[in-house]
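Asks: Got a predicted structure here, sequence first:
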Amino acid sequence: MLHRYPKRVAVIMLVLLAIVAIFPLWGPALFGDQSDFILEKLTLMVILALFAMSLDLLVGIVGLVSLGHALFFGLGAYTLALASPDFDAASLWWMLPLVMLVAAVAALVVGLLVIRTKGIFFIMTTLAFGQMLFYLISTAPFAGGTDGVFIMFRPTLTAGETMLLDLDNPQTFFYFCLGMLVAGFLFLRWLTRSYFGQVLDGIHDNERRMQALGYATGGYKLVAFVIAGVLAAIAGMLAAMQYGFANPAQLGWHTSGEVLMMLILGGMGTIFGPILGAFAYEILLYVYEHLTVHWPILMGLTIIAAVLVLPRGIAGLIIAPPWARRKPKAVEEEEGVAAHLHPATIPHKEG
Amino acid sequence: MDLAFFGVQLLNGLQYGLLLFLIASGLTLIFGIMGIINLAHGAMYMIGAYLVWDLTLRLGNFWLAILIAIPIAVALGLVIERLFLDTLYKRDHLYQVLLTFGLILVINEAQRIIWGGDVHSVAIPAPFDASLQLTDNLQYSVYRLFVMGVCLALAGIIYWVIRHTRLGIIIRAGAVNRDMVEGLGINVRTLFTLIFSVGVALTAFAGMIAAPLTSITPGMGDSILITCFVVVVIGGIGSIKGAFWGAILIGMAETFGSVLIPSIASMVIYLIMAAVLLVKPRGLFA
């Protein structure tokens, strides 16, 4: 269902990337004093895009709807906050591997339990395990309770005595995050096109058939779960670097819900869609927050509308724009209907 | 811990568990029959509590407030089912999760607009505003006993309807094979509307009778929703019996957990869930 897109997808994404990447050139001219603030927002969007992309591997590619993905995002943030020395900056050379290791172990343990479940059970158990860590962290004496933990010094990236990147500089940090996003995207694109990714795609379409073909689908799903968890933790670590603290809210299930919203807005199963979704979500949030204090109503209605009228998100519009489908339209819609009626996606007969 | 104190905790656990059952039974019915995962279920519990608080203030009578609040809850369930869920039956769980998450945002914020963000409480209504003297310094609220009685009665009614009525046969058949039920000429559409409204009414009612026992706060629906998910996962999705025993187990575990091992009390129910998943990934009663 994925893998080859029209050329305009690549063109649009590269143009958008270029526009965002050269923001420091045009931002100050357009926004003046606000430019620094917008750069911070952009950095956050880039980080959230990485987070949303990691969830896409589970939801869009394998078809595992996780409502506890914030567990790994928050875990990355807390690992950074708790492992950082109090009066000194940590080195990213060991911090990044540490974050990845902690997340991988956590994802392995949680994954071993939740992979045993299917469909709605998977949603409920991922949510429950996410909340378990949320309660553990927000009541634990070592983790600062509901206040969270402050990170006094951003980790540094040095080679010997020389600083490779000055991550304290907002612009440098922005490019660092952008680099991580691009790397994450290329990695996931490679992964989904690899043999491994083809098997995941097969599991999404029909897990029983893959089992009948001799694939140990549980193992594949577990590996995907771990990879998604590690990527989310990296995003969480970057977010904690950006904010300067780790907070229980980063672990909470509302964060898991928000990242799912980014997926639906952007279009799942496409890897590039969630990037657009994260930007769209954050821009909408910014606009709504300025319109009214009761912005959650607008956001809730937006998401309901997206589910009802735009289930394939922005990516769906780019891949198959409404004005560009004349003849293929019938075929595509048939495929769409077929996908929804697919045995694997019909939700009954469980429990 | 002496025996009387142990007894009180046992009663508390039982009462909390029975209340959880009311909420979880709605959740598991809606999933079992309709195949819908309803995240907004907890929000309806909160709405029930706020409705009864508001109406008690206006009318001055708790029982009258409940009487009026129940039809409002049913109507709300009807509207949600007809407006939003109708399109979701044939679609992936993901869309149900997203749409009902959107509903949570809307309902929670509507609550904030209508009733504000303050914490409220409802006085324990007469004639149950007394307590039983167990020992010299231990009392037990009569209202808690009343809540237990109501929950048990409702559990009995649900059991009777599902086991011994024609509607119950359809519900059980629908949980096993929905398409077949439809093929036999049953109007599944109407059945769905009925089940959803009843499920929503059950959780809202739980919120109403729980109102005098808890503080009424904006976030009260979220935490109860997740606890009920744990109940349903332990019991087995779609199983009323599983919801009952799962709710009692979790009610006891939370009550005794917070007394005996307060440091990890908030984790206990998740550890139980993990243990159940290890042994029986589809739940104890599936």
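Replies: Nice, thanks for sending it over.
Asks: Residue A:242 against residue A:41, yeah?
Replies: No - if you go by Cβ atoms under 8 Å, residue A:242 and residue A:41 don't touch, sitting 10.3 Å apart. In short, each C-beta sits where N, CA and C put it, glycine included.
Asks: who's more crowded, the two?
Replies: residue A:242 (19 against 16; other Cβ atoms under 10 Å in any protein chain shown).
Asks: how far away is residue B:90 from residue B:113?
Replies: 34 Å (Cβ to Cβ, to the nearest Å).
Asks: ugh, typo on my part, it should be residue A:222
Replies: 44 Å.
Asks: Repeat that for residue A:131.
Replies: Taking Cβ to Cβ, one finds residue A:131 at 27 Å from residue B:113.
Asks: Between these two, which is the more surrounded one?
Replies: Taking neighbours as other Cβ under 10 Å, residue A:131 and residue B:113 compare with residue A:131 leading, 29 against 12.
Asks: For that one, identify the helix or strand it belongs to.
Replies: helix A:119-139 (DSSP states H and E).
Asks: Residue B:147 too?
Replies: helix B:142-164.
Asks: May I have that helix as PDB, with CA atoms only?
Replies: The C-alpha trace of helix B:142-164 is given here as PDB (Å, rounded to 0.1, in the frame of the first residue of the first chain):
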ATOM      1  CA  VAL B 142     -24.800   4.000  55.100                       C
ATOM      2  CA  TYR B 143     -24.700   5.700  51.700                       C
ATOM      3  CA  ARG B 144     -21.800   3.400  50.700                       C
ATOM      4  CA  LEU B 145     -23.900   0.400  51.600                       C
ATOM      5  CA  PHE B 146     -26.700   1.900  49.600                       C
ATOM      6  CA  VAL B 147     -24.500   2.400  46.600                       C
ATOM      7  CA  MET B 148     -23.300  -1.200  46.900                       C
ATOM      8  CA  GLY B 149     -26.900  -2.400  47.000                       C
ATOM      9  CA  VAL B 150     -27.800  -0.400  43.900                       C
ATOM     10  CA  CYS B 151     -24.800  -1.600  41.900                       C
ATOM     11  CA  LEU B 152     -25.500  -5.200  42.900                       C
ATOM     12  CA  ALA B 153     -29.200  -4.800  41.900                       C
ATOM     13  CA  LEU B 154     -28.100  -3.300  38.500                       C
ATOM     14  CA  ALA B 155     -25.600  -6.100  38.000                       C
ATOM     15  CA  GLY B 156     -28.400  -8.600  38.700                       C
ATOM     16  CA  ILE B 157     -30.700  -6.900  36.200                       C
ATOM     17  CA  ILE B 158     -28.000  -6.800  33.500                       C
ATOM     18  CA  TYR B 159     -27.300 -10.500  34.200                       C
ATOM     19  CA  TRP B 160     -31.000 -11.400  34.000                       C
ATOM     20  CA  VAL B 161     -31.600  -9.400  30.800                       C
ATOM     21  CA  ILE B 162     -28.600 -11.000  29.100                       C
ATOM     22  CA  ARG B 163     -29.300 -14.500  30.300                       C
ATOM     23  CA  HIS B 164     -33.100 -14.700  30.200                       C
END
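Asks: which is the next helix or strand following that helix?
Replies: helix B:166-176.
Asks: could you give me the average pLDDT of that next one?
Replies: Mean pLDDT, helix B:166-176: 83.
Asks: buried sites along stretch A:151-163?
Replies: A:151, A:154-157 (16 or more other Cβ atoms under 10 Å in any protein chain shown).
Asks: For the closest residue to chain A within the stretch 51-200 of chain B, give its distance to residue B:221.
Replies: Residue nearest to chain A within the stretch 51-200 of chain B (Cβ to the nearest Cβ): residue B:105, separated by 3.2 Å. Distance, residue B:105 to residue B:221, by Cβ to Cβ: 12 Å.
Asks: Looking at these two, which is more packed in?
Replies: residue B:221 (28 against 25).
Asks: which helices and strands does the one helix or strand the more buried one maps to pack with?
Replies: Assessed by DSSP H and E, residue B:221 sits inside helix B:220-235. Applying 3 or more Cβ pairs under 8 Å, 6 or more residues apart in numbering or on different chains; DSSP states H and E, one finds that helix B:220-235 contacts helix A:119-139, helix B:3-34, helix B:41-59, helix B:93-115, helix B:240-260, helix B:265-279.
Asks: Including distance to residue A:146, could those go into TSV?
Replies: Putting the helices and strands packed on helix B:220-235 into TSV (distance: least, Cβ to Cβ, whole Å) gives the following:
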stretch	distance to residue A:146
helix A:119-139	5
helix B:3-34	24
helix B:41-59	20
helix B:93-115	19
helix B:240-260	18
helix B:265-279	12
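Asks: would TSV of those helices with mean pLDDT and distance to residue A:269 be doable?
Replies: Below are the helices and strands packed on helix B:220-235 laid out as TSV (pLDDT from 0 to 100; distance: least, Cβ to Cβ, whole Å):
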stretch	mean pLDDT	distance to residue A:269
helix A:119-139	86	17
helix B:3-34	88	25
helix B:41-59	93	28
helix B:93-115	91	11
helix B:240-260	90	33
helix B:265-279	85	27
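Asks: What is the neighbour count of residue B:185?
Replies: A count of nearby residues for residue B:185, using other Cβ under 10 Å, gives 6.
Asks: That one should be in a helix, yeah?
Replies: No - counting by DSSP: H, G, I helix; E, B strand; the rest coil, residue B:185 is located in no helix; its state is coil.
Asks: where do the strands sit along the stretch 201-350 of chain A?
Replies: Listed in chain order, the strands of the stretch 201-350 of chain A (DSSP state E, counting those that start in this stretch) span A:245-246.
Asks: In it, where is pLDDT below threshold?
Replies: A:324-350 (pLDDT under 70).
Asks: which ones are touching the one residue in it that gets nearest to chain B?
Replies: Going by Cβ to the nearest Cβ, chain B is nearest to residue A:300 of the stretch 201-350 of chain A, at 3.2 Å. Residue A:300 makes contacts with B:102-106, B:109, as judged by Cβ atoms under 8 Å, 6 or more residues apart in numbering or on different chains.
Asks: what's the nearest residue to the spatially most central residue of chain A if we skip its chain neighbours?
Replies: Nearest to the geometric centre of chain A sits residue A:52, at 1.8 Å (Cα atoms, centre = their mean). Spatial nearest neighbour of residue A:52, excluding adjacent residues (Cβ to Cβ, 6 or more residues apart in numbering or on different chains): residue A:274 at 3.6 Å.
Asks: try residue A:85
Replies: residue A:153 (7.9 Å).
Asks: From chain B, how far out is that neighbour?
Replies: As judged by Cβ to the nearest Cβ, to the nearest Å, residue A:153 and chain B stand 31 Å apart.
Asks: Which secondary structure element is home to that residue?
Replies: Residue-wise, residue A:153 maps onto no helix or strand under DSSP H and E.
Asks: Would you mind confirming that it is in contact with residue A:90?
Replies: Yes - counting by Cβ under 8 Å, residue A:90 is a contact partner of residue A:153 at 7.4 Å.
Asks: tell me, what's touching the two both at once?
Replies: residue A:84.
Asks: Give me the buried positions along the helix holding residue B:221.
Replies: Those would be B:220-222, B:224-235, for helix B:220-235 by 16+ other Cβ under 10 Å.
Asks: Make sure I have this right: residue A:164 is in a helix.
Replies: No - counting by three-state DSSP, residue A:164 is located in no helix; its state is strand.
Asks: That one contacts residue A:157, doesn't it?
Replies: Yes - in this structure, residue A:164 is within contact of residue A:157 by Cβ under 8 Å, at 4.7 Å.
Asks: which secondary structure element contains the closest residue to residue A:182 other than its chain neighbours?
Replies: Nearest residue to residue A:182, sequence neighbours excluded (Cβ to Cβ, 6+ apart): residue A:17, at 7.5 Å. Assigned by DSSP H and E, residue A:17 belongs to helix A:7-21.
Asks: Any chance you could list what contacts that helix?
Replies: A:42, A:46, A:175, A:178, A:182, A:272, A:275-276, A:315, A:318-319.
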